[in-house]
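Chemist: test case, fold it:
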Amino acid sequence: MAFSNSQPPFVSPIVPFTGAIQGGLQDGLEITVNGAVLYSSGNRFAVNFQTGYSSDDIAFHFNPRFEEGGYVVCNTKQKGCWGSEERKKQMPFQMGSPFDLRFLVQSSGFQVTVNGSLFMQYSHRVPFHRVDTISVTGAVTLKFISFQPSGVRAANQAPITQTVIHTVHSPGQMFPNPTIPPMAYPNPTYPMPFFTSIPGGLYPSKSIIVSGTILPSAQRFHINLRSGSDIAFHLNPRFDENAVVRNTQVSGSWGPEERSLTQKMPFFQGQSFLVWIMCEGHCLKVAVNGQHLLDYCHRLRNLPAINSLEVAGDVQLTQVHT
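Modeler: I've put the predicted structure just below:
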């Protein structure tokens, strides 16, 4: 099942990690590396944008070093030979702490953002279209590496924010592309029910991720995408009915339920889950634990007005990305 033209992210990859960038780097592509710095004997980590799985040709080497007060080294390697280093005497990462690191490919260079703040620009030394691989090494653990293609956000759209809890590892599957914005939500637990905004509302290619653990005694939980007091999309796994119910509520009245699935119930009491919702022009696509589950045709057509997320019921949340 194809999910737009977006590349699925790598979820919970093991470090050291090397993976392909489908179609190579393109102007406007944004790559998010989300994880945490480890307390370990290692005092460095690196993210490399390179040609193939060999480390002989690295277009951009991003290398934070926790020594001498902390600094970041950037460089380019061609045919096995390093160029001149660029050092930034600033350390935006903390050992033992989570981070959200974004690389935006621009025609002139890479724009690097750490935890929502612009950190640096690195001018291209070699044509960026040669890059088709990303690698991560060193003293980090990764939650995901995701890919946001160019042109998925309207030019006048508000900046995207993110809510993230770094407590439980997501399932280790390949998973359709989330839109992962920059900011970390530091609270170790989510209050339930949980509410957060969807800045800019929905639009084609917009993705939302909700992951957590279902309580062993769970009967039901739900994920709602709301437009004011209306519920544009109600996703409601029911263990007491062995069903996943979908619906829309307008002015307090529910529409017809949708219950049919092409596969068995993908949610299980006492187990973790990862729900991905991707907006397309005519419908929402929903995947669970990396597998496509259903399409839900839009009943409310004003997509930008669908701008808040609600999660409630018998679950404990571990990550929410809007």
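Chemist: mind giving me the domain split of this structure?
Modeler: 10-148, 163-321 (automatic domain parsing).
Chemist: okay, those domains in JSON lines with mean pLDDT and mean neighbour count next?
Modeler: Heads up, the C-betas are built off the backbone N, CA and C, glycines and all. Listed next are the domains of the chain as JSON lines, based on pLDDT from 0 to 100; neighbours: other C-beta atoms under 10 Å:
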{"stretch": "domain 10-148", "mean pLDDT": "93", "mean neighbour count": "17"}
{"stretch": "domain 163-321", "mean pLDDT": "83", "mean neighbour count": "17"}
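Chemist: which secondary structure element contains the closest residue to residue 75 other than its chain neighbours?
Modeler: Using C-beta to C-beta, 6 or more residues apart in numbering and skipping residues adjacent in sequence, the residue nearest residue 75 is residue 61, 4.6 Å away. Per DSSP states H and E, residue 61 falls inside strand 58-65.
Chemist: which other residues reach that strand?
Modeler: Identification of contacts with strand 58-65 by C-beta atoms under 8 Å, 6 or more residues apart in numbering yields 25, 43-51, 70-77, 91-93, 103, 110, 112, 122, 124-126, 128, 130-131.
Chemist: what packs against the helix or strand just after that strand?
Modeler: Moving toward the C-terminus from strand 58-65, the next helix or strand (DSSP H and E) is strand 71-78. Where contact means 3 or more C-beta pairs under 8 Å, 6 or more residues apart in numbering; DSSP states H and E, strand 71-78 is packed against strand 58-65, strand 86-88, strand 117-123.
Chemist: which neighbours in the sheet does the shortest one have, and how are they oriented?
Modeler: On the basis of DSSP bridges, the sheet neighbours of strand 86-88 come out as strand 71-78 (antiparallel).
Chemist: the strand it pairs with vs strand 117-123, what angle?
Modeler: 30 degrees (axes from the mean of the first three to the mean of the last three C-alpha atoms, to 10 degrees).
Chemist: secondary structure class for the nearest residue to residue 132 once chain neighbours are set aside?
Modeler: Among residues not flanking residue 132 along the chain, residue 24 sits closest, at 4.4 Å (C-beta to C-beta, 6+ apart). Under DSSP: H, G, I helix; E, B strand; the rest coil, the three-state class of residue 24 is coil.
Chemist: do residue 15 as well
Modeler: With three-state DSSP as the criterion, residue 15 was assigned coil.
Chemist: contact partners for residue 72?
Modeler: By C-beta under 8 Å, 6+ apart, the residues touching residue 72 are 62, 63, 64, 65, 87, 88, 90, 91, 92, 119, 120.
Chemist: please repeat the previous calculation with a cut-off of 7 Å.
Modeler: 62, 63, 64, 88, 91 (C-beta atoms under 7 Å, 6 or more residues apart in numbering).
Chemist: do residue 283 as well
Modeler: Counted by C-beta under 7 Å, 6+ apart, residue 283 has contacts 295, 296, 297, 298.
Chemist: a markdown table for the residues you listed, including distance to residue 258 and secondary structure?
Modeler: As requested, the contacts of residue 283 are exported to a markdown table (distance: C-beta to C-beta, whole Å; DSSP: H, G, I helix; E, B strand; the rest coil):
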| residue | distance to residue 258 | secondary structure |
| --- | --- | --- |
| 295 | 10 | strand |
| 296 | 7 | strand |
| 297 | 9 | strand |
| 298 | 13 | coil |
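Chemist: can you lay out those residues as CSV showing distance to residue 244?
Modeler: Formatted as CSV, the contacts of residue 283 follow (distance: C-beta to C-beta, whole Å):
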residue, distance to residue 244
295, 13
296, 11
297, 16
298, 18
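Chemist: of these, which pair is most distant in space?
Modeler: 295 and 298 (10.3 Å; C-beta to C-beta).
Chemist: and residue 130, how far from residue 51?
Modeler: Going from residue 130 to residue 51 by C-beta to C-beta, to the nearest Å gives 5 Å.
Chemist: and for residue 33?
Modeler: 19 Å.
Chemist: ok, now residue 192?
Modeler: 47 Å.
Chemist: residue 120 too?
Modeler: Applying C-beta to C-beta, one obtains 22 Å for the distance of residue 120 from residue 51.
Chemist: same thing with residue 256?
Modeler: Residue 256 is 53 Å from residue 51, by C-beta to C-beta.
Chemist: nothing else from me, thank you.
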